[in-house]
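S.K.: Sequence plus predicted model, see below.
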Amino acid sequence: MTKPPPELLAFLHRHDANVRALALALRRVVIEELSPCHEYIFMMRRRVMLLYGPTSRVIDDCVCMIAVYGKHANLQFTSGIELNDPHGLLEGSGTRMRHVKIRAAADLERPELRELLRQGRRDAGPVWPRAEKGSVVTRVKAPRV
């Protein structure tokens, strides 16, 4: 499993320990289900954003993203409206995107969460890189000074 890059840890420094732990644990789950994959990490105002997709064009080919807020993290699916969600985990009313709020470590233990990630991977098609399971290519956008 890939270690979090030091830049991600620096971005998360302003969050309390529980939110940091949730964000890093959620990252681990996403990489376990989507890898090999590409990851793009950046700050958007006060939020830490982590995007995941099959190609280096992560913004265009994004399957899901993690948004880290002050008290929780969201796992957002760019085509969430198309996912089969019989357990009702997905929230949101946008035209395409849906999200799952992660407030506690127990939320990460739900098998339905991993199934949503697997569906997102399948729906993205056969463009995933050929590399070892667990591998991730990470790119970090430095914050503006």
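M.R.: That came through fine. Residues are numbered from 1 along each chain as shown.

S.K.: For the helix ranked longest in the chain, which helices and strands make contact with it?
M.R.: Ranked by residue count under DSSP state H, the longest helix found in the chain is helix 17-34. Judged by 3 or more C-beta pairs under 8 Å, 6 or more residues apart in numbering; DSSP states H and E, helix 17-34 is in contact with strand 47-53, strand 64-68, strand 73-77, helix 111-123. Just so you know, the C-beta spots here come from the backbone N, C-alpha and C atoms, and that holds for glycine as well.

S.K.: among those, which is nearest G92?
M.R.: For G92, the closest of the helices and strands packed on helix 17-34 is strand 73-77, at 8.2 Å, according to C-beta to C-beta.

S.K.: Dump the next helix or strand along the chain from the closest one to CSV, restricted to CA.
M.R.: Per DSSP states H and E, the first helix or strand lying C-terminal to strand 73-77 is strand 98-102. Below are the C-alpha coordinates for strand 98-102, written out as CSV (Å, rounded to 0.1, in the frame of the first residue of the first chain):
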residue,chain,number,x,y,z
ARG,A,98,-23.6,11.8,-5.6
HIS,A,99,-21.6,11.4,-2.3
VAL,A,100,-21.4,9.3,0.8
LYS,A,101,-20.6,11.1,4.1
ILE,A,102,-17.9,9.5,6.2
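
S.K.: how about strand 98-102: buried residues?
M.R.: R98, H99, V100, I102 (16 or more other C-beta atoms under 10 Å).

S.K.: go on, stretch 23-41?
M.R.: In stretch 23-41, counting by 16+ other C-beta under 10 Å, buried: 23-24, 26-27, 29-31, 33-41.

S.K.: Pick out the most distant pair among the residues you listed.
M.R.: Between any two of the buried residues of stretch 23-41 (C-beta to C-beta), the greatest distance is 21.3 Å, for A23 and P36.

S.K.: before we move on, back to that, let me know the closest of the buried residues of strand 98-102 to A124.
M.R.: R98 (15.5 Å).

S.K.: how far away is E112 from L75?
M.R.: According to C-beta to C-beta, to the nearest Å, E112 and L75 sit 12 Å apart.
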